[in-house]
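Colleague: Everything below, folded, please.
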Amino acid sequence: MERIADRVRSLVLFDAHLPRTGESHGDMVGPARAAKHVEMAENGGEGWYIPTSDASWYGVTDPEHAAWVNRHTTAQPLKTYQDPVGNTDRAWSHPGMFIECVPSTLEPHALDRVRKRHADDPAFQYRVLEASHDAMVTDPEAVTELLLEAVDIA
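Modeller: Next comes the predicted model:
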């Protein structure tokens, strides 16, 4: 966003986290979840990546959909969760929408700070979608409606 904000009508955070400048994903989800990421990398990711999770962990229950998701997921480098981000000021000041998917497979306390931060920020419209984290697979119509709504935020 620091480079392209003038070309972005609205920023949509779909069941995601937006760190402040200098924060990492681990800062946002807390030490317990950050330690779990390290454990996952050590146990199944050669110490540097987090192996993929089965789509069912994200709430995808249809076997055909789960198989499709599983074929398309890739491992996540651990450092993307640990390294502090650069400047996010333009992202935080840009009109946008934060969409939280519920229920979440993450521990509630790991998300409390993030939810409150986005819900309280006047630059963001805050929406709750009763769908899995992979709602684009499990409820594409609802996702489409929210994305169309986000177009008009600016």
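
Colleague: Run through the helices of the chain in chain order.
Modeller: Along the chain, the segments classed as helices by DSSP state H run 25-29, 31-44, 63-72, 79-82, 89-93, 108-120, 135-138, 140-151.

Colleague: Tabulate the CA atom coordinates of the last one in CSV.
Modeller: Think helix 140-151. Taking C-alpha atoms only, helix 140-151 is exported to CSV below (Å, rounded to 0.1, in the frame of the first residue of the first chain):
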residue,chain,number,x,y,z
PRO,A,140,-18.5,-17.8,-2.5
GLU,A,141,-21.8,-15.9,-2.8
ALA,A,142,-21.4,-14.2,0.6
VAL,A,143,-17.8,-13.3,-0.2
THR,A,144,-18.9,-11.8,-3.5
GLU,A,145,-21.5,-9.7,-1.8
LEU,A,146,-19.0,-8.3,0.7
LEU,A,147,-16.4,-7.6,-1.9
LEU,A,148,-19.0,-5.7,-4.0
GLU,A,149,-19.9,-3.8,-0.8
ALA,A,150,-16.3,-2.9,-0.3
VAL,A,151,-16.1,-1.3,-3.8
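
Colleague: which ones are touching W48?
Modeller: Applying C-beta atoms under 8 Å, 6 or more residues apart in numbering to W48 gives the contacts A41, P77, L78, K79. (Glycine included, C-beta is placed from N, CA and C.)

Colleague: What of E130?
Modeller: C101, V102.

Colleague: And it, how far from S53?
Modeller: In this structure, E130 and S53 are 21 Å apart, going by C-beta to C-beta, to the nearest Å.

Colleague: re earlier: Throw the helices of the chain into JSON lines and include distance to F14 and mean pLDDT, thanks.
Modeller: Formatted as JSON lines, the helices of the chain follow (distance: least, C-beta to C-beta, whole Å; pLDDT from 0 to 100):
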{"stretch": "helix 25-29", "distance to F14": "15", "mean pLDDT": "89"}
{"stretch": "helix 31-44", "distance to F14": "19", "mean pLDDT": "94"}
{"stretch": "helix 63-72", "distance to F14": "15", "mean pLDDT": "96"}
{"stretch": "helix 79-82", "distance to F14": "17", "mean pLDDT": "96"}
{"stretch": "helix 89-93", "distance to F14": "14", "mean pLDDT": "92"}
{"stretch": "helix 108-120", "distance to F14": "12", "mean pLDDT": "73"}
{"stretch": "helix 135-138", "distance to F14": "8", "mean pLDDT": "94"}
{"stretch": "helix 140-151", "distance to F14": "8", "mean pLDDT": "95"}
